[in-house]
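1. fold the following.
(one chain, ligands or ions: 2)
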Amino acid sequence: MGHAQTVLSALGYAGRHLELIVAEDVPGLERALWAMAPAATVARPATFNLAAEKRGTLDFALEHLARHAPAPQEQIPLAAGAPWGTLGVDKDKCTLCKACIGACPASALLDSPEAPMLRFIERNCVQCGLCANTCPEDAITLTPRLLLTAQAAQAVVLNEAQPFNCVRCGQPFGTKQMIDSMMGRLGAHSMFAGGGALRRLQMCADCRVVDMMENKSEASILDVPKKP
Ligand code: SF4
Ligand code: SF4
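-> Ligands and ions are numbered 1, 2, ... in the order given. Next comes the predicted model:
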């Protein structure tokens, strides 16, 4: 109710539009209803049908309210917890691992078949925060707002990167930033001492297996010293 009142007030529909009435009986409910001051309504009745899909119906209603608003807005800032909003991605932190895409239950985050890319459709986002909680780099911030322009339904690019090609077969399998980050974290570990193991981190999954089979003499985490 609070978020709805914020939207209606920002669009210029004067008055208090929503109220929770708790009444002891029907006459009490009627008295409470008549005591409410009328609020401003939309000048022209809507022509869409209500659908069982709540989010779709809400989109139609908001579009109608925005089109006939006394004070048209392109975007309306909302309080934390609102079910609409945008995302910010810190490009210096984001490795384009795509974990957030898998976590999003609303298809608001998308990748691209052409290149390593993170895209976002604001209209689909319900601000649940699953993407931000899933991100291993803590790169995502949520900003509640209602965007009322056509951009809300368009996929915008939040981050994109240069692909990383497997050093053995040359096929792209990740991003340069992701591999650099992995090398930085694992490069100093004793298990990756020696050029062979470190180079394997820069190979695609298939080439890693082939390379391991060709270098069976290398020390492995599975090499358990035998008891004397
Ligand atoms: S925002 Fe986080 S989870 Fe999403 S692709 Fe970037 S690093 Fe991965
Ligand atoms: S906040 Fe929720 S709905 Fe929005 S992009 Fe993240 S996971 Fe998807």
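
2. which residues does Asn133 contact?
-> Residues in contact with Asn133 (CB atoms under 8 Å, 6 or more residues apart in numbering) are Ala103. (Glycine included, C-beta is placed from N, CA and C.)

3. tell me, please, the helix or strand in the protein that averages the lowest pLDDT.
-> The weakest-scoring helix or strand in the chain, judged by mean pLDDT, DSSP states H and E, is helix 195-200 (a mean of 79).

4. show me which residues of the protein sit near ligand 1.
-> Neighbours of ligand 1 within the chain, by CB under 6 Å from any ligand atom: 89, 94-100, 118, 134-135, 137, 139-140.

5. quick one on the thing from earlier: what sits up against the very next helix or strand once past the least confident helix or strand of the chain?
-> Using DSSP states H and E, the next helix or strand after helix 195-200 towards the C-terminus is helix 205-214. Helix 205-214 is contacted by residues Cys166, Arg168, Cys169, Phe173, Gly196, Arg199, Arg200, Met203, Glu218 when judged by CB under 8 Å, 6+ apart.

6. quick one: buried residues of the top strand by length along the chain?
-> Counting residues, the longest strand in the chain under DSSP state E turns out to be strand 140-147. Using 16 or more other CB atoms under 10 Å as the test for burial, strand 140-147 gives Ile140, Leu142, Pro144, Arg145, Leu146, Leu147.

7. so how far is ligand 1 from the third one?
-> In this case it means Pro144. 18 Å (CB to the nearest ligand atom, to the nearest Å).

8. that residue contacts Ala82, correct?
-> Yes: using CB atoms under 8 Å, Pro144 is in contact with Ala82, at 3.9 Å.

9. how many other residues sit next to Leu96?
-> 27 (other CB atoms under 10 Å).

10. part of a helix, is it?
-> No: looking at Leu96 with DSSP: H, G, I helix; E, B strand; the rest coil, it is coil, so not inside a helix.

11. can you give me the first-to-last residue distance of stretch 103-122?
-> For stretch 103-122, the first-to-last residue distance is 16 Å (CA to CA, to the nearest Å).

12. same deal with stretch 80-93?
-> Per CA to CA, the first residue of stretch 80-93 is 24 Å away from its last.

13. also stretch 77-96?
-> Using CA to CA, one end of stretch 77-96 lies 28 Å from the other.

14. same question for it, mean pLDDT?
-> Mean pLDDT, computed over stretch 77-96, is 94.

15. helices along the protein, start to end?
-> If DSSP state H is used as the criterion, the helices of the chain fall at 2-10, 26-35, 54-67, 99-103, 130-134, 176-186, 195-200, 205-214.

16. which positions in the fifth one come out as buried?
-> In terms of neighbour count (16+ other CB under 10 Å), helix 130-134 has its buried residues at Leu130, Cys131, Ala132.

17. quick one: residues contacting Gln5.
-> Arg16, His17, Leu18 are the contacts of Gln5 under CB under 8 Å, 6+ apart.
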